[in-house]
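Peer 1: any chance you could fold what I've pasted below:
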Amino acid sequence: MVNTMIEIREIGLDAIEDFWDKHIHYLVEDQIITDEEDKAYFQGEEYRGILRNHMLRDQDPHHMVYFVEGEKEVGAAQYTTYLSEDGKCFILDFWVYPEYRGDGMGHRCFGALEAYTRQQGATYYVINSEGERRVSFWKSLGFVEKGCDEWGVALWEKRDDGKGERA
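Peer 2: The predicted structure is shown next:
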């Protein structure tokens, strides 16, 4: 596969319904959610309304993006960079479509997201992740486990303290 650049395309509120369709498919197909109650929550107005409102806020707005290689959409992510705090970029979702997995596509997409968010002021990255394949991916990018969230899901963090050390 040719190693082309990954472009980040912001998703606006006018295109959010298409994103939601892809999002629920990803959550179910990758077995991140496995029961009908969770599926209903992630398809419901409470969850989606909160994120929509966070996209509209002036301070630390939420972002939804597609990863595009050439003219092909190859994945998506959601994140918020907390510039009002310490520059933490919390990645809510990150996925590469199954047909594009392999050949380092996930690494290239994260590299593009990291470069994009650092230009916006991100200083380090945090994501919730579990499952052997997903955890292995984040570890391969330099993420280390940093405890659990309030639901008991492992938190993974990637820092570069400016001295070349990763915490």
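Peer 1: use CA for all of it now, contacts and neighbours both
Peer 2: OK.
Peer 1: can you pull the poorly scored residue ranges out of the protein?
Peer 2: 1-4, 161-167 (pLDDT under 70).
Peer 1: looking at it, which strand is longest?
Peer 2: Criterion DSSP state E: the longest strand present in the chain is strand 72-82.
Peer 1: show me what counts as buried in whatever helix or strand comes next after that strand.
Peer 2: Using DSSP states H and E, the helix or strand that follows strand 72-82 towards the C-terminus is strand 88-96. The neighbour-count criterion (16 or more other C-alpha atoms under 10 Å) identifies 88-96 as the buried residues of strand 88-96.
Peer 1: and the helices in the chain?
Peer 2: 16-29, 36-43, 45-56, 105-119, 132-140 (DSSP state H).
Peer 1: most neighbours per residue, which of those?
Peer 2: helix 105-119 (a mean of 18; mean count of other C-alpha atoms under 10 Å).
Peer 1: run the chain-centre distance for it.
Peer 2: Relative to the chain's own centre, helix 105-119 is displaced by 10 Å; criterion: C-alpha atoms, centre = their mean, to the nearest Å.
Peer 1: tell me which strands and helices that helix is in contact with?
Peer 2: Counting contacts by 3 or more C-alpha pairs under 8 Å, 6 or more residues apart in numbering; DSSP states H and E, helix 105-119 is packed against strand 6-10, strand 88-96.
Peer 1: switch these over to a markdown table; also include distance to residue 70.
Peer 2: Shown next, in a markdown table, are the helices and strands packed on helix 105-119 (distance: least, C-alpha to C-alpha, whole Å):
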| stretch | distance to residue 70 |
| --- | --- |
| strand 6-10 | 8 |
| strand 88-96 | 15 |
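Peer 1: could you point out which of these sits nearest residue 108?
Peer 2: strand 6-10 (6.8 Å; C-alpha to C-alpha).
Peer 1: only the buried residues of the closest one, if you could.
Peer 2: Buried residues in strand 6-10, counted by 16+ other C-alpha under 10 Å: 6-8.
Peer 1: coming back round to it: now the two most distant members of the buried residues of strand 88-96.
Peer 2: 88 and 96 (22.4 Å).
Peer 1: list the contacts for residue 148?
Peer 2: 154-155 (C-alpha atoms under 8 Å, 6 or more residues apart in numbering).
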